[in-house]
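Asker: Just to be clear, the model below is a prediction. Sequence and coordinates:
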Protein chains: 4
Amino acid sequence: MVSGKQIETGAGPIRLGMVGGGQGAFIGGVHRIAARIDGEYALVAGALSSDAERARASAAELGLDPERSYGSFEEMAKAESKRDDGIEAVAIVTPNHMHWPAAKVFLEAGIHVICDKPLTSNLGDAKKLAKLVEKSGKLFVLTHNYTGYPMVRQARELIASGKLGDIRVVQAEYPQDWLTERLEASGQKQAAWRTDPKQSGVGGATGDIGTHAYNLARFVTGLELDSLSADLTAFVDGRPLDDNAHVMLRFKGGAKGMLWASQVAPGNENALKLRVYGTKGGLEWEQEQPNHLWFTPFGQPKQLITRGGAGAGAAAGRVSRTPSGHPEGYLEGFANIYAEAARAIRAARKKGGKLAKDVVFPTVTDGVEGVAFVEACVKSSAKNAAWTKL
Amino acid sequence: MVSGKQIETGAGPIRLGMVGGGQGAFIGGVHRIAARIDGEYALVAGALSSDAERARASAAELGLDPERSYGSFEEMAKAESKRDDGIEAVAIVTPNHMHWPAAKVFLEAGIHVICDKPLTSNLGDAKKLAKLVEKSGKLFVLTHNYTGYPMVRQARELIASGKLGDIRVVQAEYPQDWLTERLEASGQKQAAWRTDPKQSGVGGATGDIGTHAYNLARFVTGLELDSLSADLTAFVDGRPLDDNAHVMLRFKGGAKGMLWASQVAPGNENALKLRVYGTKGGLEWEQEQPNHLWFTPFGQPKQLITRGGAGAGAAAGRVSRTPSGHPEGYLEGFANIYAEAARAIRAARKKGGKLAKDVVFPTVTDGVEGVAFVEACVKSSAKNAAWTKL
Amino acid sequence: MVSGKQIETGAGPIRLGMVGGGQGAFIGGVHRIAARIDGEYALVAGALSSDAERARASAAELGLDPERSYGSFEEMAKAESKRDDGIEAVAIVTPNHMHWPAAKVFLEAGIHVICDKPLTSNLGDAKKLAKLVEKSGKLFVLTHNYTGYPMVRQARELIASGKLGDIRVVQAEYPQDWLTERLEASGQKQAAWRTDPKQSGVGGATGDIGTHAYNLARFVTGLELDSLSADLTAFVDGRPLDDNAHVMLRFKGGAKGMLWASQVAPGNENALKLRVYGTKGGLEWEQEQPNHLWFTPFGQPKQLITRGGAGAGAAAGRVSRTPSGHPEGYLEGFANIYAEAARAIRAARKKGGKLAKDVVFPTVTDGVEGVAFVEACVKSSAKNAAWTKL
Amino acid sequence: MVSGKQIETGAGPIRLGMVGGGQGAFIGGVHRIAARIDGEYALVAGALSSDAERARASAAELGLDPERSYGSFEEMAKAESKRDDGIEAVAIVTPNHMHWPAAKVFLEAGIHVICDKPLTSNLGDAKKLAKLVEKSGKLFVLTHNYTGYPMVRQARELIASGKLGDIRVVQAEYPQDWLTERLEASGQKQAAWRTDPKQSGVGGATGDIGTHAYNLARFVTGLELDSLSADLTAFVDGRPLDDNAHVMLRFKGGAKGMLWASQVAPGNENALKLRVYGTKGGLEWEQEQPNHLWFTPFGQPKQLITRGGAGAGAAAGRVSRTPSGHPEGYLEGFANIYAEAARAIRAARKKGGKLAKDVVFPTVTDGVEGVAFVEACVKSSAKNAAWTKL
């Protein structure tokens, strides 16, 4: 078995806190695994639920020191910032509307923030947050986790190196089927908050998964969006937010694209897919088979580039843990964001510490753009899909 | 080996003529194979090229009686309609702009017409042709060949029988890559006429392949289009017709869709694909793997329905020649249109002959709608993708 | 649409007769389609069934001249060889045990033979037939149809040109599932004769499909078998012939292989697959996706070579009818054997006519070897899988 | 996003030591990640290399207390067993020949053992180890990691519940290509020890990967092997151990199978695959797409059962961390063995602690059988593939 690349720097784990992610949550558990995989973090504090009892129980389950299980994130920021062994970074994994208030108190307390996407539930908050990040001088890492996949990095590298020529067409899609019926009516917690404008903001599928697809397209191609035309629909009766988004894209420089996000497409689990076509070649990548990247230099046979295999370059290799043929998945991709964040935090630990150039993670700027994308979609759709600038 | 269904009715072949399809053509040869596969037709006359020398050579190559190799389709219609053994049907396989003039003379001569798509190069001709067909009482079969695939029939049957519930989302796409560079400048005949507005009409990729995708979506779902919003692009410098079409669709009754047609997407050969999602389930079909149909009843595992296999019903079985696992392809799908046409022509041979109800083929009405689709796309695109009725 | 290669030589169809293939048969219909696709043959005579009534009805259905529908193949050979317009070639599509007696009378009557596989039901007959073919000077074409697939030709060309280096490992398999239950007890005709030693010979799955897999491996690699070790099983109670064959292969020169043929593997329709690995690269091909060939030069990304696409060479191109992305299937592959036979027959029509070097078809020699393979498998299995020479 | 199952029991991490796995190793890093993912273990001690300097450097990199970085495993066992906070379990990740001596000292010191496969480099050691495990009363977990994949558990559950009926045919294969050339001559560490009989034992590919394929077949089907016939080859000049193994299998009760393991098959990365066919259905699973399981009830369409999706049962669900469509891979599958081990160790912590019935992991018995399989293959091959009992 050929040896893969391992990320185990180990020089003392980063002390991490968490806001949200108590029992019944989904993404909190994912963040915790992501933080653990490479041994870079130690979870030492939490405000795991707004429900005090659930917070306590969740903390106990995770083996947190009861004293560092807080009833609110405000309390946690205050207490932790005073401790010598206080948290260096916090993971915010609440519903969208709490991202801004939570991020605010930690940044103001001088604590780095790792935050789930979308950045906030509205553009106003997003912009305030961006300003605060800049002012604070703290790190802000947005977990657009799909950018952590090695073959997504590979795709980006191929395009950056000119292998596709000038990009013409970008097809992004993210279909799911779990909201085909009115699951939120059953009390299922994930469905409930994700279809609730108060917690999610103005976008339904657009905010939950459309932002991922948009971010992925941006990340891989480097193209900037000029304007979009969106037709959003809530197919399920009584659902206040869109569950299907059809969007046409015009990028600066002339490339065009389509983006489809849906949560009502039976037979699709988490089928994020990106296809990019340029003057010299094309590439295709699917999240459910993330170790594969299809690359066609125009006029040559299609090539299957695999994680760790022939044709995979440095950008993929540095975020890879095992040899080719040993599938890495969603959790490893997510963990790569945490690994990049760890590199940045370690660099920030030292006075004048410098971050290596190849470290890449989504920032508050990507987050603002994502929220702007959601709001532009909603605005366009309200105007019968009129072309709308970001 | 399990026995498949064979179509060999044999009661005297149908006498067929052909307009176009001389040396260097592509689709003419396909029509001839399609006509031969089931032994239903005998090609006995032709006006195979507007170039007299090429017409003669092509006819010789095909073993036509030189006397029935004509210099023009007008001449052919005239001569054949006077013969006792004259052609009963003609296949029109010229560039688009000649469909209408050719069809006209044969219909007026009392000869059935099998015509390649798109119906005509403009909507005016299309409507005149539709009127003439009705008046003539003759059969008019449009070779939207992809509707001939057994698993496309199966898909249609699944939806018609309610297995998908109410349709919500329709995703149609037809990417190719053969026009990624300016092939027409090299003199390649196929590229030349297909990118020439005089021969093709106002649509490039939209007319050549977008019409197929649109027709397929219509055929399978039975939905009628209300309006569309199209963003057409000619990415290759100097190309007067679109080579990439992004279209958003709104169907009557509330379903929505997207259609993407491209001839500049490297790595795509002939990747027509249709996905349909309803309240109860979803289905997916790809032209390059035509013997497979993916069907997901919501809440159950995805099923692979194969041509001739378990789960395939009567609609697929009756246009199938071999057992499951013996791949049938493009030519057999095309031949199914000819087989359906043969059934119709044989029924028409008899006074009061009645066509069996399960015989299905694309008609002049589908053709008019296809041309209307192209013109609506072009009109919408010219108005910055404004929503446009068909 | 890029123009594909078309085979329409047309210089007067070859007059063809058929033995077997009456109503209820499977492979007879396939042969007829194969003969029709390129317009090279005219079916003009038949002894379509040993049942006189069925023979008559079948002939009528096919539009044969009743006078040329014969009650026996002996009668047919006699009558046709006397006619000026008598058949030039005969297709023998009966159960295996009739191949030899039928072929005998036609060869002796000076008529070319196209014969289904396996060559005969026993090796004695096979050798007699081979001798007779040589003596007769007539053509003998064995329809090992899978060698007609363009990408099988491509695979062969890759190996012949040294792209795989020295071959080390050959994995051939041909699983089906249609005999998982005792279908022959239901009276299903195909199952009945294929599991009957009197009609099939000593091999069940081994003879019916194992011979295809073996022939394919031989055709593509050019390797000769040294010896084999076979473990044959009849899993279904009361079945006298094997329905599953496990075989280890040793080729001359040191390559090794495995061959698996099964008719009791649920979920497999007609899943013939060949994989070949050498010192410099590997390739993989599957019958159910025949337009694709996977080729991996060692140390480089896997390549998808498609029929008609980049990377496909002359050997594939000359047996291809349509452009890349237009799937050709089982019937076209079968038709390629008929097209090659037609080229050979046309060359033989002329005194001193010479056959082009690139014309390739399975011969009586391949047939003898196939029957020898079956008998060696049976012999080996009877001796507890002892290594057995062919 | 639907919530997945998370494994975070947290009641105080299990103190773990490691033998082997220093810099340059592959599988040691995998074990460490597997131990970290669910937060169940804390790595607190190690004898990471027989090279003292490398051991020290590796320990530092991992943040181990220098005092608990030992120069030999004997020393470590002795020291740790005396500490109050000594290790509860040790992971042995050395080359094969060291498994037995290392396991011995830890078992004798009363420490649970988690050991990489194959169990030992020869059957004698394996049997001694099995005896010692029994005597010691300690847990022994063999990391046949592929049994940890949720869909492998699902496959096992399907068969155990009778959904496939009586098993007839088992096809196991494990091709790779990384030893196509003589990599060991380059000094690559992984290649060097895996092709060295002193470190690996008598099996090359057979021991390294054949044991995985065999174990997987046994685990999923529950069948016991009666005898095997093996043809092993070292294709690469100068390689003392087999790099390709062809094996025919006869199971008790009448099922038959084939097993192919190869490290010289270009285009294969880590392509472990299992197919099982019974009287009522069949299933297929591939390691490189581990979240998918194909299941065909005979006479029904093939179903795609996905991890976390419809059709996936309790056996898969309990070793799953994320919702369907979020691919889990090799590391999570490996981690599932560690999670099962953790459950067993926690149960063993309590006097009279009882292990839940659904906890499943490979034991020393599986290990003995694996080594017996390797030795039987070698013995059979030496006797010209004579049938050999385990």
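Answerer: That came through fine.
Asker: tell me which residues in stretch A:198-215 are buried?
Answerer: A:200-215 (16 or more other CB atoms under 10 Å in any protein chain shown). All C-beta spots, glycine's among them, are computed from the backbone N, C-alpha and C.
Asker: Ok, stretch A:179-190 next?
Answerer: Within stretch A:179-190, the residues scored as buried using 16+ other CB under 10 Å are A:179-181, A:183-184, A:188, A:190.
Asker: Okay, strands next: where are they in the stretch 251-390 of chain A?
Answerer: A:256-262, A:273-278, A:281-286, A:292-297, A:302-306, A:388-389 (DSSP state E, counting those that start in this stretch).
Asker: And the stretch 101-250 of chain A, by the same measure?
Answerer: A:112-115, A:140-142, A:167-175, A:225-233, A:244-251.
Asker: For C:Pro150, find the nearest of the ones you listed.
Answerer: With CB to CB, the closest approach to C:Pro150 among the strands of the stretch 101-250 of chain A belongs to strand A:167-175: 29.7 Å.
Asker: give the contact list for the most centrally placed residue in chain A.
Answerer: Among the residues of chain A, A:His144 comes closest to the average C-alpha position under CA atoms, centre = their mean, at 1.5 Å. Contact analysis of A:His144 by CB atoms under 8 Å, 6 or more residues apart in numbering or on different chains lists A:117, A:211-212, A:215-216, A:219, A:337, A:362, A:366, A:370.
Asker: Mind putting those into JSON lines with pLDDT and distance to chain D?
Answerer: Listed next are the contacts of A:His144 as JSON lines, based on pLDDT from 0 to 100; distance: CB to the nearest CB, whole Å:
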{"residue": "A:Lys117", "pLDDT": "94", "distance to chain D": "12"}
{"residue": "A:Thr211", "pLDDT": "97", "distance to chain D": "13"}
{"residue": "A:His212", "pLDDT": "97", "distance to chain D": "11"}
{"residue": "A:Asn215", "pLDDT": "98", "distance to chain D": "16"}
{"residue": "A:Leu216", "pLDDT": "98", "distance to chain D": "15"}
{"residue": "A:Phe219", "pLDDT": "98", "distance to chain D": "19"}
{"residue": "A:Ile337", "pLDDT": "98", "distance to chain D": "15"}
{"residue": "A:Pro362", "pLDDT": "97", "distance to chain D": "18"}
{"residue": "A:Asp366", "pLDDT": "97", "distance to chain D": "20"}
{"residue": "A:Gly370", "pLDDT": "97", "distance to chain D": "17"}
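Asker: and these as a markdown table, adding distance to B:Lys351?
Answerer: Listed next are the contacts of A:His144 as a markdown table, based on distance: CB to CB, whole Å:
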| residue | distance to B:Lys351 |
| --- | --- |
| A:Lys117 | 71 |
| A:Thr211 | 66 |
| A:His212 | 65 |
| A:Asn215 | 68 |
| A:Leu216 | 64 |
| A:Phe219 | 69 |
| A:Ile337 | 76 |
| A:Pro362 | 74 |
| A:Asp366 | 73 |
| A:Gly370 | 69 |
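Asker: From chain D, how far off is A:Ser381?
Answerer: Separation of A:Ser381 from chain D (CB to the nearest CB, to the nearest Å): 23 Å.
Asker: Once you drop chain neighbours, what's closest to that residue?
Answerer: A:Leu232 (4.1 Å; CB to CB, 6 or more residues apart in numbering or on different chains).
Asker: bridging residues for that neighbour?
Answerer: Going by DSSP bridges, A:Leu232 is paired in beta bridges with A:Ala245.
Asker: contacting residues for the closest residue to A:Val202 other than its chain neighbours?
Answerer: Distances taken as CB to CB, 6+ apart place A:Val378 nearest to A:Val202, at 4.7 Å, with adjacent residues excluded. The contact partners of A:Val378, by CB under 8 Å, 6+ apart, come to A:202-203, A:206, A:230, A:232, A:242.
Asker: Alongside chain B, which residues does the stretch 51-200 of chain A contribute?
Answerer: Within reach of chain B by CB under 8 Å from any CB of the partner chain, the stretch 51-200 of chain A has these residues: A:168-169, A:171, A:173, A:177, A:180-181.
Asker: and of those residues, the nearest to chain D?
Answerer: Of all those, chain D sits closest to A:Asp177, with 9.2 Å by CB to the nearest CB.
Asker: Check the contact between that closest one and B:Gly299; I expect there is one.
Answerer: No - contact criterion CB atoms under 8 Å: A:Asp177 and B:Gly299 do not qualify, at 9.1 Å.
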